[in-house]
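# Requesting a structural model of the entry that follows:
(one chain, ligands or ions: 1)
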Amino acid sequence: MSEPRTPLVAGNWKMHKTIAETKAFVADLRARELPAGVDAVLCPPFTALCAARDALAGSPIGLGAQNMSWAESGPFTGEISPLMLEELDVEWVVLGHSERRALFGELDVRVNEKVRCALVHGMTPIVAVGETAEEHERGLARDKVYAQISAAFEGVATEDVARCVVAYEPIWAIGTGHADTPESADAIMGVIRACVPGLEHVRVLYGGSVKPDNIAAFVAQPNIDGALVGGASLEPASFAALLEGARRGAYA
Ligand code: PGA
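Reported below is the predicted structural model:
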């Protein structure tokens, strides 16, 4: 038997929250009693990382970035390097989010380079994969996810793969209010775990319209270890309720 996996809830704020709003969020969250036995991570925009780091000091809540360059420095206008994130004590980084892939042309090969780079710099990649609505309807979800996972971890040593987190986020479920069913998501997660050696025991998160009232049902599934949450992570009360829901789902 492997060790039970601690549930993880990561808030992906996307392009929301100024520095002032970030400070207010963290102060509010820290004033709440948060459940034990659930790992929490906040992923603010780059501009608010420094403020978030300072506001989170001494708390168990982790700090993540939403993206990162594959290069340490160079002529990459608008990019943020792993060295810059390391300096801000960023420990987690979302890589290959579907919005980056679809809107900013991020290719599998780049996601792979970013995963390797994050690992070299001691960060935990949260590697996001998922199928489009059309692929879903055509029954191609498994193939798509398998291909994205294989590409993302190409050439990564098994012990490094085992240090990562994967987020399965069906694109049709993101921000739509129409989450996948826990059973269907769990089945895809099973595919993910079997795809690359090292992924058997990593934490796999579900993402796509996760709310305080549905997170427990996802986390209760055998292959689902938490959630990557956009909209419902933006209010402290809601984020705290997500953590509580994850606890209920994992330990019920
Ligand atoms: P959502 O976004 O929770 O707003 O659906 C999830 C994500 O994109 O990570």
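# can we go C-alpha only for contacts and neighbour counts from here?
Fine.
# Within range of the ligand, give me the residues from the stretch 1-150 of the chain.
N12 (C-alpha under 6 Å from any ligand atom).
# Do a quick rundown of the strands in this protein.
Using DSSP state E, the strands of the chain run over residues 8-12, 39-43, 62-65, 92-95, 124-129, 165-168, 203-207, 226-229.
# would TSV of these with mean pLDDT be doable?
Listed next are those as TSV, based on pLDDT from 0 to 100:
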stretch	mean pLDDT
strand 8-12	98
strand 39-43	98
strand 62-65	98
strand 92-95	98
strand 124-129	98
strand 165-168	98
strand 203-207	98
strand 226-229	98
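# got the ones you listed as CSV, with mean neighbour count columns?
Output for those, formatted as CSV (neighbours: other C-alpha atoms under 10 Å):
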stretch, mean neighbour count
strand 8-12, 26
strand 39-43, 22
strand 62-65, 25
strand 92-95, 26
strand 124-129, 26
strand 165-168, 26
strand 203-207, 30
strand 226-229, 31
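# Switch those over to CSV; also include distance to A141.
Below are those laid out as CSV (distance: least, C-alpha to C-alpha, whole Å):
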stretch, distance to A141
strand 8-12, 23
strand 39-43, 27
strand 62-65, 27
strand 92-95, 19
strand 124-129, 10
strand 165-168, 11
strand 203-207, 14
strand 226-229, 19
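# Residue numbers of the stretch 151-252 of the chain in contact with the ligand?
Counting by C-alpha under 6 Å from any ligand atom, the stretch 151-252 of the chain comes close to the ligand at I174, G175, G207, G208, S209, V210, L228, V229, G230, G231, A232.
# will you turn those residues into JSON lines that also has distance to G139?
Formatted as JSON lines, these follow (distance: C-alpha to C-alpha, whole Å):
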{"residue": "I174", "distance to G139": "18"}
{"residue": "G175", "distance to G139": "22"}
{"residue": "G207", "distance to G139": "19"}
{"residue": "G208", "distance to G139": "18"}
{"residue": "S209", "distance to G139": "21"}
{"residue": "V210", "distance to G139": "23"}
{"residue": "L228", "distance to G139": "24"}
{"residue": "V229", "distance to G139": "25"}
{"residue": "G230", "distance to G139": "26"}
{"residue": "G231", "distance to G139": "27"}
{"residue": "A232", "distance to G139": "28"}
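# Out of those, which is nearest to A147?
G207 (18.5 Å; C-alpha to C-alpha).
# my guess is that closest one contacts I171, does it?
No - with contacts counted by C-alpha atoms under 8 Å, G207 stays clear of I171, the gap being 9.0 Å.
# Would you map the helices across the stretch 1-150 of the chain?
Secondary structure of the stretch 1-150 of the chain, counting by DSSP state H, counting those that start in this stretch: helices at 19-30, 49-56, 82-87, 98-103, 108-120, 133-137, 141-152.
# okay, those in a markdown table with mean neighbour count and mean pLDDT next?
Formatted as a markdown table, the helices of the stretch 1-150 of the chain follow (neighbours: other C-alpha atoms under 10 Å; pLDDT from 0 to 100):
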| stretch | mean neighbour count | mean pLDDT |
| --- | --- | --- |
| helix 19-30 | 17 | 98 |
| helix 49-56 | 20 | 98 |
| helix 82-87 | 17 | 98 |
| helix 98-103 | 14 | 98 |
| helix 108-120 | 21 | 98 |
| helix 133-137 | 14 | 97 |
| helix 141-152 | 20 | 98 |
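# Pull up the gap between E72 and C117, please.
Separation of E72 from C117 (C-alpha to C-alpha, to the nearest Å) stands at 8 Å.
# anything in contact with each of those two?
Taking C-alpha atoms under 8 Å, 6 or more residues apart in numbering as the criterion, E72 and C117 both touch P82.
# Going by proximity to the ligand, name the top residue of the stretch 1-150 of the chain.
Nearest to the ligand, among the residues of the stretch 1-150 of the chain, is N12, at 5.6 Å (C-alpha to the nearest ligand atom).
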